[in-house]
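S.K.: Could you look at this predicted model? Sequence included:
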Amino acid sequence: MENRKIVILTGAGMSAESGISTFRDSDGLWEHYPVQQVASIEGYEENPELVLNFYNARRKELLNVKPNHGHLMVAALEKYFNVTVITQNVDNLHERAGSSHVIHLHGELMKATSTRNPNDPSCIEELTPERCEIHLGDKAADGSQLRPYIVWFGESVPKFEEAVNEASTADIFIIIGTSMQVYPAAGLIRYIRPDTQVYLIDPKEVKVYSSQRVHTIRKGASEGMDELLKILLNC
Ligand code: APR
């Protein structure tokens, strides 16, 4: 293994080939569910049951899908490089593909936490395939209503600082399957060094505000990762 460090920022497009909908493509999740209702702290306060049911359904969906070839290739990079994955995705497909260092900026579907203290580590608990639903009346360790461990719009992003530390020490920064419209995640690229190589894999054009040259691979995650692996391994 060489010691070059790769940091990979992934979004919903990374999991699209596994059968999970993206958010902003046509027919994306936000076309079917009002984002303010199911993904904001105000929406949760207004109608917690609707929000709990939305994430219960997302969890069921996750239990029926598998990592795709793109996830596997991201994990395979660990054979050659020191790799950190920073994902906006709340699924666990990177981990199931074998990636060993994954930072979830927007939380994790298979975890639950307290409504009163969502970022208190002693309140964060794992859900299991057998017990994967959260209902009104379920209690967290601090006695408050149990809620999904998801970072909603209107909430702070506690893992951002850790992500910045990783991005700022990357030799190679790879962006896969994100429209780069949601901050602070999309702003991570501002923290990379001037000499960091930047690659972007997405079938659509994505605007990236970067002073570095961005090598774009206009393909889906799986095909794109195959092409990128050849470039990185010089074969
Ligand atoms: N492979 C790679 N990329 C793909 C694929 C694919 N097979 N299919 C679609 N894409 C790309 C789209 O072209 C788009 O650029 O994935 C991107 C998905 O963008 P969004 O739906 O906006 O998802 P994302 O960027 O992850 O959203 C960020 O917004 O609502 C919040 O919290 C939610 O984490 C999410 C955040």
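M.R.: Structure's in. What do you need? Numbering: from 1, shown residues only.
S.K.: give me the number of residues near residue 234?
M.R.: Neighbour count of residue 234, defined by other Cβ atoms under 10 Å: 5. C-beta coordinates here come from the backbone N, C-alpha and C atoms, glycine included.
S.K.: tell me the contacts of it?
M.R.: Listed by Cβ atoms under 8 Å, 6 or more residues apart in numbering, residue 234 has no contact partners.
S.K.: near the ligand, which residues of the chain show up?
M.R.: Within the chain, the residues that sit near the ligand (Cβ under 6 Å from any ligand atom) are 11-13, 16-17, 22-25, 28, 39, 88, 106, 177-179, 181-182, 202-204, 206, 220-221.
S.K.: quick one, strands of this protein?
M.R.: Under the criterion DSSP state E, the chain contains strands at 5-10, 82-87, 102-104, 107-114, 125-126, 146-150, 172-176, 197-201, 214-217.
S.K.: In a markdown table: these, plus mean neighbour count and mean pLDDT.
M.R.: Listed next are these as a markdown table, based on neighbours: other Cβ atoms under 10 Å; pLDDT from 0 to 100:
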| stretch | mean neighbour count | mean pLDDT |
| --- | --- | --- |
| strand 5-10 | 24 | 98 |
| strand 82-87 | 24 | 98 |
| strand 102-104 | 20 | 98 |
| strand 107-114 | 22 | 98 |
| strand 125-126 | 12 | 98 |
| strand 146-150 | 23 | 98 |
| strand 172-176 | 24 | 98 |
| strand 197-201 | 22 | 98 |
| strand 214-217 | 16 | 98 |
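S.K.: Which of those sits closest to residue 34?
M.R.: Nearest to residue 34, of all these, is strand 146-150, at 15.9 Å by Cβ to Cβ.
S.K.: residues contacting the residue nearest to residue 150 when sequence neighbours are not counted?
M.R.: Of all residues not flanking residue 150 in the chain, residue 107 sits nearest, at 4.0 Å (Cβ to Cβ, 6 or more residues apart in numbering). By Cβ under 8 Å, 6+ apart, the contact set of residue 107 is 90, 148, 149, 150, 151.
S.K.: Relative to residue 187, which of the strands of the chain is closest?
M.R.: Taking Cβ to Cβ, strand 5-10 is the member of the strands of the chain nearest to residue 187, at 10.7 Å.
S.K.: Can you mark which positions in stretch 52-67 are buried?
M.R.: By neighbour count on 16 or more other Cβ atoms under 10 Å, the buried set for stretch 52-67 is 52, 53, 54, 55, 56, 58, 59, 62, 67.
S.K.: mind checking how far the first one is from residue 117?
M.R.: This points to residue 52. Using Cβ to Cβ, to the nearest Å, residue 52 is found at 18 Å from residue 117.
S.K.: got it, and the fifth one?
M.R.: Residue 56 sits at a distance of 22 Å from residue 117 (criterion: Cβ to Cβ).
S.K.: Tell me the buried residues in the helix or strand bottoming out on mean pLDDT in the chain?
M.R.: In the chain, no helix or strand scores lower on mean pLDDT, DSSP states H and E than helix 29-32, which sits at a mean of 85. Neighbour-count burial for helix 29-32, counted by 16+ other Cβ under 10 Å, picks out residue 29.
S.K.: May I have that helix as CSV, with CA atoms only?
M.R.: C-alpha atoms of helix 29-32 as CSV (Å, rounded to 0.1, in the frame of the first residue of the first chain):
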residue,chain,number,x,y,z
LEU,A,29,-37.5,11.6,-3.2
TRP,A,30,-38.2,15.3,-2.8
GLU,A,31,-40.7,15.2,-5.6
HIS,A,32,-42.8,12.7,-3.7
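S.K.: And the helices in the chain?
M.R.: Secondary structure of the chain (DSSP state H): helices located at 12-16, 29-32, 35-38, 41-46, 48-63, 69-76, 93-97, 160-167, 221-232.
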